Every structure is written in C-alpha cells, then in structure tokens.
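Colleague: Need the 3D shape of this:
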Amino acid sequence: MAAGSNRAEFGRMAEDLALRYLQKHDLTLLERNFRSRFGEIDLIMREKNTIIFIEVRSRSNNTFLHPAETVDHTKRNKIRKTSQVFMKKTSAWKLFNWRFDVITLTGRRKHEMKIEWIKAAF
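Modeller: This next block holds a predicted model:
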C-alpha cells in the first residue's frame, strides 16, 4: 500500500475515533467531511443549542509538534469560510450558537490513541 494510502487510512481511523468519542459526550453528528469551494470541515456536530465545527488532527507522535499546532492561520480561515457556507445552507442554524473545536489524537495504533478535545480552539 502506498504511503499516501496509509496516511489517509490513519486519518480516517482517527476521524472515526473522534466521532465516537464526541458521541459518547452527547454530541450529535450533523455532517461529516462537509466541503465547500473554500475547504473541508471534518465533523460538524450539535451540542444542545451549539453547532460545533471540528477539525480532527492525528499524529503517530508529538515529539516535534503537537497535532493542534498544525491547524495554522490558513487552515482556520478555510474552516471559518466553509462554516459560513454550512450556516447559510439551513436557515434554522442561525438560531444556534457556534464554535470551532479541535480534536487531536496521538499514537500509532487505534487502541493506544490519546484523545484531546480543545474546545473553542480558535
């Protein structure tokens, strides 16, 4: 399997783990991998009256860089613009609060992943 395939597989596994983790914390999935011309949002979830736009970042280790540090200014802007597209899609969402969270997962294997949820990350 090509390195890119392994990375995509690892990212998908991390996203699956993040989704299950958030669902255990009573969040409801609204959209997964929502795309616009500006970019993509990994998970869009609802917690009571709040819409949460979630970026999922995973690394096999954080020796050199914590996964959250990879969500740079450019990525944050893409997520913000894409969230505006999502909010315009359904007028009911305008009644909700919203925020941007980051979920980080660190580890090499599914069963040893350390999950960190950074609320209102940006």
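
Colleague: packing partners for the top helix by length along the chain?
Modeller: With DSSP state H setting the assignment, residue counts place helix 3-24 as the longest helix in the chain. The contact analysis (3 or more Cβ pairs under 8 Å, 6 or more residues apart in numbering; DSSP states H and E) places helix 3-24 against strand 28-35, strand 40-47, strand 50-59, strand 97-106, strand 114-118. The way it works is simple: take the backbone N, C-alpha and C, and place the C-beta from them, glycine included.

Colleague: okay, which residue is most central for this structure?
Modeller: By Cα atoms, centre = their mean, the mean C-alpha position of the chain lies nearest to residue 55, the distance being 2.4 Å.

Colleague: Would you agree that residue is in contact with residue 41?
Modeller: Yes - under the contact definition of Cβ atoms under 8 Å, residue 55 touches residue 41, with a separation of 7.2 Å.

Colleague: Identify the contacts common to the two.
Modeller: Counting by Cβ atoms under 8 Å, 6 or more residues apart in numbering, the shared contacts of residue 55 and residue 41 are residue 79.

Colleague: Can you tell me the closest non-neighbouring residue to residue 119?
Modeller: Counting by Cβ to Cβ, 6 or more residues apart in numbering, residue 119 lies nearest to residue 101, which is 5.3 Å off, once chain neighbours are set aside.

Colleague: wait, what's in contact with the residue nearest to the centre of the chain?
Modeller: Residue 55 is in contact with 41-42, 71, 75, 79, 100-103, 121, counting by Cβ under 8 Å, 6+ apart.

Colleague: Ok, residue 96 next?
Modeller: By Cβ under 8 Å, 6+ apart, the contact list for residue 96 reads 46, 49-51.

Colleague: Quickly note the distance from it to residue 41.
Modeller: Residue 96 sits 15 Å away from residue 41 when distances are taken as Cβ to Cβ, to the nearest Å.

Colleague: got the buried residues for stretch 51-61?
Modeller: Buried residues in stretch 51-61, defined by neighbour count with 16 or more other Cβ atoms under 10 Å: 51-59.
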